[in-house]
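J.: I would like the atomic coordinates for the input below:
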Amino acid sequence: MQIKANGIFLDYEELGPTGGVPLILVRGLGSTIAHWPPGFAGAFAALGYRVVMFDNRDIGRSQRCPAPGVDGKAETILAQIAAGQAPTPAYLLQDMAADVVGLMDALGLEKAHVFGMSMGGGIAQLLAIHHAHRLLSATLVMTRPGFVGQGKLDDLLSYPGTEDEYVKTSLYWDQIWGNPGFPVTQDYVGDMARAAYARGVEADGVNRQLLATINAGDLRAQLPDVALPCLVLHGAEDSLIPPEFGRQIAALIPDAECHVIAGMGHTITPLVVPVLVGLMHEFYCRRVGAMR
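T.: Here you go, the predicted structure:
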C-alpha cells in the first residue's frame, strides 16, 4: 500500500491487530520488504504487535528521490572520490529518519517500537537521538555508531544488472556476510533475490542511500544523551560491521542492553528468527510493558 509520508510516497505493509503495540521494521541498504525472512513479522503479529514494514525511499515500490545535479551512478561517485571530491548526497540519513516519523504520522501512531538493521540501525539511532518522544524503544541491529568515511564503499556501490546478475550477487554476498550458524539454502537466497528484484531495485537509488549513510556523521557524542530503552543485537560472525561496533553503541547509551549472537552474520535468516523475537519480546515486556 502507498502512503504519503514526509512529503514522499512510501510503500508499506501491516500485520497484526490494528490496536496492537506498534512495531516498525526498518531495512538496511538496498533492501526491501521482500528481504524480511518468512515468519519474522508474523511472529510479532501473533504476539499482538501491530507490525509495520515499508520500503525505504529509493528502493522497492517507494518513491525515487534524486536531486538536481546529483548523479547516483557508481562510476561517477568513484571518479569524484579519485579526484579528491566528496560526492554530494541527494538527501541525508536524517531525512530517512524523518520518513519513519512521517509514516507514523500518516498511520496515526503516536509512539512505536522501532527495529532498525544495518543502515536501518543508523536510522533508528537518529530516531532515538532526535525523536525519542515518538518511540517506545529502539532495537539496534548489526549497526554502528555512525557511518563516517568511505569504508567498504567499493563493495557496497551498486551497478545496473539483470535479474540473473542480481541473484548471482546476492548468492555471493550471502557467502561473505551470511549466517554460518543459521544457514539457508541457495534456493532460499535466490527466491528472495528474485522477489526483491521484481519489487524494484535500482542501482542509482541504492547508491543514493549509500551516500546518505556515509554522510550520517559520527553519533558517538550524542548517544549518551539517549533516554530510551535500547536493545542492541549483533552477530558474532558479522564480517561487514563487526560486533565491537554493537558493543560500543550499547556502552554509550545509558542502560542499553546488548546481545552478541553466536553464529549470526550480517543478515536475518529464518533459523535465527526465534532467537531475535524472543530477545525482543522479553525486552519490550520487561523494559516497556508489552501492551503500552
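J.: could you find the closest non-adjacent residue to V272?
T.: In space, and not counting its chain neighbours, V272 is closest to F182: 4.1 Å by CB to CB, 6 or more residues apart in numbering. Where you see a C-beta, it was placed from the backbone N, CA and C, and this is true even at glycine.
J.: what does the model give that neighbour for pLDDT?
T.: At F182, the model reports a pLDDT of 98.
J.: again with A112
T.: 98.
J.: report the contact partners of it.
T.: Listed by CB atoms under 8 Å, 6 or more residues apart in numbering, the contact set of A112 reads 21-24, 52, 104, 134-136.
J.: just give me the closest of these to D154.
T.: I24 (31.6 Å; CB to CB).
J.: and the helix or strand hosting the closest one, which strands flank it?
T.: Secondary structure assigned from DSSP states H and E places I24 in strand 21-26. Using DSSP bridges, strand 21-26 pairs in its sheet with strand 49-54 (parallel), strand 112-117 (parallel).
J.: which SSE is immediately downstream of it?
T.: Heading C-terminal from strand 21-26 (DSSP H and E), you reach helix 40-46.
J.: what mean pLDDT does that following helix get?
T.: Averaged across helix 40-46, pLDDT comes to 98.
J.: show me where this protein has helices.
T.: In the chain, the segments counted as helices under DSSP state H are 40-46, 74-82, 93-107, 119-130, 153-156, 163-177, 186-200, 203-214, 243-252, 273-287.
J.: nearest to A67, out of those?
T.: helix 203-214 (8.1 Å).
J.: for that closest one, buried residues please.
T.: By neighbour count on 16 or more other CB atoms under 10 Å, the buried set for helix 203-214 is 203-214.
J.: contact partners of it?
T.: 29-30, 56-59, 64-66, 70-74, 77, 87-93, 95-96, 119, 122, 147-151, 153, 156-161.
J.: C-alpha coordinates for that helix, CSV please?
T.: C-alpha atoms of helix 203-214 as CSV (Å, rounded to 0.1, in the frame of the first residue of the first chain):
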residue,chain,number,x,y,z
ALA,A,203,21.4,0.9,-8.7
ASP,A,204,21.2,4.7,-8.6
GLY,A,205,18.7,4.6,-5.8
VAL,A,206,20.8,2.2,-3.8
ASN,A,207,23.8,4.5,-4.3
ARG,A,208,21.9,7.5,-3.1
GLN,A,209,21.0,5.6,0.1
LEU,A,210,24.7,4.7,0.4
LEU,A,211,25.8,8.4,0.1
ALA,A,212,23.2,9.3,2.7
THR,A,213,24.5,6.7,5.0
ILE,A,214,28.2,7.6,4.8
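J.: for that helix, the distance to its chain's centre please.
T.: 13 Å (CA atoms, centre = their mean, to the nearest Å).
J.: please apply the same query to stretch 283-292.
T.: Relative to the mean C-alpha coordinate of its chain, stretch 283-292 is positioned 22 Å out (CA atoms, centre = their mean).
J.: list the buried residues of it.
T.: Quick answer for stretch 283-292 (16+ other CB under 10 Å): 283-284, 288.
J.: now do that stretch: everything it contacts.
T.: So stretch 283-292 is contacted by 21, 47-48, 111, 113, 136-137, 139, 229, 231, 257, 281 (CB under 8 Å, 6+ apart).
J.: buried ones in the helix or strand of the chain with the lowest mean pLDDT?
T.: Lowest by mean pLDDT, DSSP states H and E among the helices and strands of the chain is helix 153-156, with a mean of 80. Residues of helix 153-156 classed as buried: 153, 156 (neighbour count, 16+ other CB under 10 Å).
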